[in-house]
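In: predicted model follows, preceded by the sequence.
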Amino acid sequence: MRDSIKVFAPASVANVTCGFDILGFAVDQPGDEITLKKSDSGKVSILQITGDGGALPMDADKNTCSVVIKMFLNDLGIDTGIDIYLDKKMPLGSGLGSSAASSVAAICAINELLGKPKKLEELLPYAMEGERVACGAAHADNVAPGLYGGFVLIRSYDPLDVIKLKTPDKLYATLVHPHIEVQTKDAREILRKRIYFKDSVKQSGNVAGLIAGLLTSDYGLISRSMHDYIVEPTRSILIPGYNEVKDAVMDLGALGAGISGSGPSIFALSKDKITAEKIALKMKSVYAGFRIESETYVSKINQAGPKIL
Ligand code: HSE
């Protein structure tokens with residue numbers, strides 16, 4: 001059996017416009033890398049975190065990675081010591097599933113290091129607990145795509161019912177991360193507690209349409225369905241340049257665009273790489289116009305999930 005392991009887990013786009021807390025997909029990059037080493041200490045310890053600018057807790061009871069690893073070891077009754085080295089290769093508070101990438105990387109790495117005592121689907125509740133530590137809510141729409149790869153529907157949380165959806169081969173995602181920080185916890189707290197019945201009807205139609213469009217590779221249907229009547233009106237206020245970016249990418253031929261997770265990142269879907277790359281340039285130039293630095297990513301839907309390095 002191994003004494004150490006290194007795992008990459010991908011970033012993800014949650015909500016995908018109309019599917020608040022129930023839809024998400026994984027991308028090829030960015031992502032997080034975690035290295036675990038067995039130790040004789042009998043403790044789970046975080047020895048190093050890089051790429052976070054000192055923002056993440058080194059306390060093993062507060063960091064998402066160590067919390068999920070401790071829960072896992074506790075459930076299995078294993079008392080081996082584990083040293084954690086986390087390399088954040090993605091921005092924090094970006095809406096790209098940063099805490100989810102850490103949780104997924106951690107749970108996959110410890111399962112692999114211990115010779116896979118649990119099946120893939122049994123790892124999901126642990127990764128969800130990592131989200132609870134990070135933002136107070138155990139939402140699965142980042143961790144499930146991060147763990148399974150692909151486009152994922154969370155049909156139900158209780159009992160947990162997660163379905164990986166087949167997506168068209170040519171689908172590309174473009175992401176822009178403007179250098180503004182929005183904490184998921186805050187972005188959840190500002191949401192309206194009640195919604196109009198008519199908005200719920202429109203939203204349900206769009207979720208159903210988006211899923212049908214993905215399953216049948218009907219790009220027109222995907223495009224018509226990518227609208228959010230419930231969350232976007234409230235959250236977009238937190239994102240300078242949001243409407244300008246969205247309008248510009250739709251003009252360039254995006255199928256649809258929206259807030260990535262809780263923001264501030266914005267994502268767009270397109271049906272070819274050339275459009276996806278043009279969209280990336282446009283997103284960056286819109287933010288340059290606002291004098292806000294940003295980085296962009298272009299990726300197919302990541303079907304692989306975490307990777308052992
Ligand atoms: N569904 C979650 C939210 C995703 O929008 O709050 C957070 O990335």
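Out: Sure thing, it's come through.

In: what values do phi and psi take at Ala101?
Out: Backbone torsions for Ala101, taken as degrees, to the nearest 10, come to phi -60, psi -40.

In: once you drop chain neighbours, what's closest to it?
Out: Once flanking residues are discounted, Ala101 sits nearest to Asp32: 4.1 Å by C-beta to C-beta, 6 or more residues apart in numbering. In this view, the C-beta of every residue, glycine as well, is placed from N, C-alpha and C.

In: mind checking how far the one you found is from the ligand?
Out: 15 Å (C-beta to the nearest ligand atom, to the nearest Å).

In: what about that residue, neighbour count?
Out: 29 (other C-beta atoms under 10 Å).

In: helix/strand/coil for it?
Out: What DSSP: H, G, I helix; E, B strand; the rest coil gives for Asp32 is strand.

In: what is it paired to in the beta sheet?
Out: Asp32 has these beta-bridge partners by DSSP bridges: Ala9, Lys88.

In: how far off centre is the helix or strand of the chain with the lowest mean pLDDT?
Out: Lowest on mean pLDDT, DSSP states H and E among the helices and strands of the chain sits helix 184-189, with a mean of 90. Taking C-alpha atoms, centre = their mean, to the nearest Å, the mean C-alpha location of helix 184-189 is offset from the chain mean by 15 Å.

In: which SSE is immediately downstream of that helix?
Out: helix 197-216 (DSSP states H and E).

In: show me what that next one is packed against.
Out: Applying 3 or more C-beta pairs under 8 Å, 6 or more residues apart in numbering; DSSP states H and E, one finds that helix 197-216 contacts strand 160-165, helix 219-225.

In: and among those, the most buried is which?
Out: Most buried of the helices and strands packed on helix 197-216, by mean neighbour count (mean count of other C-beta atoms under 10 Å): helix 219-225, with a mean of 18.

In: returning to that earlier point: what does the least confident helix or strand of the chain rub up against?
Out: Identification of contacts with helix 184-189 by C-beta atoms under 8 Å, 6 or more residues apart in numbering yields Gly93, Gly95, Ser99, Ala134, Cys135, Gly136, Ala137, Arg235, Leu238, Gly261, Ser262, Gly263.

In: residues in contact with the residue nearest to Pro30 when sequence neighbours are not counted?
Out: Residue nearest to Pro30 in three dimensions, not counting chain neighbours: Met90, with 3.6 Å by C-beta to C-beta, 6+ apart. Shown in contact with Met90 (C-beta under 8 Å, 6+ apart): Ala11, Pro30, Gly31, Asp32, Gly51, Leu96, Ser98, Ala101.

In: tally of neighbours for Tyr229?
Out: By other C-beta under 10 Å, 17 other residues sit near Tyr229.
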